[in-house]
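1. sequence and predicted structure below; questions after.
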Amino acid sequence: MSTALSGPAQSIGTQMKQGVEACFNQVNDTGGVHGNTLKLVVYDDGYEPDRCAANMRKLIDEDRVLAVIGNTGAPNAIVSAPIAREKKTLLFAAATGAPILRPTPPERYIINYRAGYDQETAVIVRGLAEAGIRPGEIAFFTQNDGYGDAGYNGAIRALAESGYAGGEKLPRGRYTRNTVNVENALATLINAKPRAIIMVGTYKPCAAFIRMAREFLPDTLYVSLSSVGSLPLARELEKEGEGIIVTQVVPPPETDLPLTAEFRQAMARNADTVSGFTALEGYIAARILTEGLKKAGPAPTRETVTDGLNQIRDLDIGLGLPITPDDGTHQVSHKVWPTILKNGRYAPLNWSDLRKQN
């Protein structure tokens, strides 16, 4: 894994790492896979593509890993995918919905767990319409890189599919990755007085933006994609986070599902871990990869691990949806869970309830 363990996105990478490790520890405690102990090798890339590329080559060439799991972010996916393809090494469950990892037809060595940004933004656009917000009343706050562009372009496509052709003319403010310099982005949006702002960023700049924006736009809805880092966003904002909407690509960790119960139990073993959405995503990814390793046999190789994952059909891991990685899309889940921050916790969102408030 190459992920952000330092810098403004470190909580996202740390939670992804903790979720994978919690699963691996559970498996190892029961004898591993075919007697083999699972080990996660992790390098910090600080959410910077150049460092991620170096880490990918080190993981594959020097550490000789069987697969790479849980890399964080669209900018890093842009450099990870070609290396995985070149080295014929599985890149599984990257923590991003970026389209670059979802080509048609799908590629052998790239398999995703989570819903794509196109799917998340489609849910947001439909939801805002249900809440009584017209397309022309939407604006965007995005990271100025491949991540921000991927989420923004997904929303523009969703708007076009809904019949609105003027998406590209809607106000858009941007900020530089790994900074909280959001003032210029806010200045771009204030005069438009949008009723909803779709945010495609990480938690620190999004929190800084929301705090400033609410002084000028107190009645605006602030809606973010899952990759923001839900729990750290809530911590950054504290009481100022009330009413923030975040789409999720896993169910709430408190959900009464067999898998979420196992996850909570696994995370409780280490007092330094946090049982949040991102950690659950890592845990789910590791559970699925473990099943692929079982199918790969007692002497796995990169090719047999990739084959093993692709051989999984309608696997039930207690998540409430059948797991089939090789479903024609190389994406395990297509589901999105909208949530709203209330009293410091994320609750399931019914978009029509917002219409009553507005």
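-> Looks like it arrived, so ask away. The structure displayed is predicted, hence computed values, not measured ones.
2. where exactly do the strands run in the stretch 51-200 of the chain?
-> Using DSSP state E, counting those that start in this stretch, the strands of the stretch 51-200 of the chain run over 67-69, 90-92, 110-111, 138-143, 172-175, 196-200.
3. parallel or antiparallel, list what pairs with the third one.
-> Okay, so that is strand 110-111. Here strand 110-111 is paired, per DSSP bridges, with strand 90-92 (parallel).
4. contacts made by the partner strand with the rest, please.
-> 66-71, 80-81, 84, 101, 109-113, 285, 288-289, 302, 305-306, 309 (CB atoms under 8 Å, 6 or more residues apart in numbering). For glycine as for every other residue, the C-beta is placed from the backbone atoms N, C-alpha and C.
5. run the last query once more with 7 Å
-> Identification of contacts with strand 90-92 by CB atoms under 7 Å, 6 or more residues apart in numbering yields 67-69, 71, 80-81, 84, 109-111, 285, 289, 302, 305-306, 309.
6. between the strands of the stretch 51-200 of the chain, which one is nearest to Leu5?
-> strand 67-69 (15.1 Å; CB to CB).
7. can you pull the buried residues of the helix or strand encompassing Gly13?
-> Taking DSSP states H and E as the definition, Gly13 sits inside helix 10-29. Neighbour-count burial for helix 10-29 flags 10-24, 26-27 (criterion: 16 or more other CB atoms under 10 Å).
8. again, but for stretch 152-160
-> Buried residues in stretch 152-160 (16+ other CB under 10 Å): 152-159.
9. hey, C-alpha coordinates of that stretch in PDB?
-> Extracted C-alpha coordinates of stretch 152-160, given in PDB (Å, rounded to 0.1, in the frame of the first residue of the first chain):
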ATOM      1  CA  TYR A 152     -16.500  17.700 -11.200                       C
ATOM      2  CA  ASN A 153     -16.800  16.000 -14.600                       C
ATOM      3  CA  GLY A 154     -18.900  13.200 -13.000                       C
ATOM      4  CA  ALA A 155     -21.300  15.800 -11.700                       C
ATOM      5  CA  ILE A 156     -21.400  17.600 -15.100                       C
ATOM      6  CA  ARG A 157     -22.300  14.300 -16.800                       C
ATOM      7  CA  ALA A 158     -25.000  13.600 -14.200                       C
ATOM      8  CA  LEU A 159     -26.500  17.100 -14.800                       C
ATOM      9  CA  ALA A 160     -26.500  16.500 -18.500                       C
END
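10. helix, strand, or coil at Ala347?
-> Using DSSP: H, G, I helix; E, B strand; the rest coil, the structure places Ala347 in strand.
11. what pLDDT is listed against it?
-> Listed pLDDT for Ala347 reads 95.
12. report the beta-bridge partners for it.
-> Residues in beta-bridge contact with Ala347 (DSSP bridges): Ile340.
13. does it touch Asp353 like I think?
-> No: checked against CB atoms under 7 Å, the pair Ala347 and Asp353 is beyond contact range at 10.6 Å.
14. looking at the contacts of strand 90-92, which one is closest to Leu170?
-> Distances from Leu170 to these, taken as CB to CB, are shortest for Ala81 (29.5 Å).
15. mind listing what's buried in stretch 324-333?
-> Within stretch 324-333, the residues scored as buried using 16+ other CB under 10 Å are 324-327, 329-333.
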